[in-house]
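1. Need a 3D model of the sequence below.
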Amino acid sequence: MVQFMNETADAYAQIRGDAGHSKIKGNIYFFEMYGGTLVVAEVEGLPNAENAPNANFYGFHIHEGALCTGDEEDPFAQTKGHYNPENTVHPGHAGDFPPLLANEGLAWSAFYTDRFYPEEVIGRTVVIHGMADDFRTQSSGNSGSKIACGEIVSE
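-> Next up, the predicted model:
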């Protein structure tokens, strides 16, 4: 698996925070491997509140929409719902990811999924939510508002 870290990603997204979370930035990389995808996330500037109800865990998903745009109420409204091509129950959506854990505002994560290939998510969005995903509540895990977003493009 480490060999993939030296290769060019098949797809990636540059993450940016909304107006209230302007310090959030980072990159999400998608590498095709072993019948699925290795996802690598590097994010900085996440809120780091002691005794926060989310314990510094943040919901992390692929959404159906193609654009990180919206309005004052929801700056990322065009991301739409979770990427769910098989119409499965949460947390079985193809776009459901393990939550990000921030330490001093930094999060790094790498995981494998067999739920999609990188080419299937190009043209969609990656969203970071303000709360941890509870893995129960339908349809989005009660993960709170969208605080950061990135559009997935090919390398």
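
2. how about the strands in this structure?
-> 11-17, 25-33, 36-44, 57-58, 60-63, 100-101, 107-113, 125-129, 146-154 (DSSP state E).

3. contacting residues for the nearest residue to G59 once chain neighbours are set aside?
-> Excluding its sequence neighbours, the residue lying closest to G59 (C-beta to C-beta, 6 or more residues apart in numbering) is S143, at 2.8 Å. For glycine as for every other residue, the C-beta is placed from the backbone atoms N, C-alpha and C. Each residue near S143 by C-beta atoms under 8 Å, 6 or more residues apart in numbering is listed here: Y58, G59, H61, H129, G130, M131, A132, D133, D134.

4. Restricted to buried residues, select those residues in ChimeraX.
-> To isolate the buried ones among the contacts of S143 in ChimeraX, judged by 16 or more other C-beta atoms under 10 Å, type:
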select :58,59,61,129,130,131,132,133
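
5. which residues are in contact with the worst-scoring helix or strand of the chain on mean pLDDT?
-> In the chain, the helix or strand scored least confidently by mean pLDDT, DSSP states H and E is strand 57-58, which has a mean of 92. Residues outside strand 57-58 that contact it (C-beta under 8 Å, 6+ apart): 46, 99-102, 107, 128-133, 143, 147.

6. Out of those, which comes closest to Y12?
-> Using C-beta to C-beta, I128 comes nearest to Y12 of those, at 15.1 Å.

7. The closest one contacts S109, doesn't it?
-> No - counting by C-beta atoms under 8 Å, I128 does not reach S109; the two are 11.1 Å apart.

8. If we ignore the residues flanking it in sequence, what's nearest E86?
-> E86 sits nearest to A94 (C-beta to C-beta, 6+ apart), 6.6 Å away.
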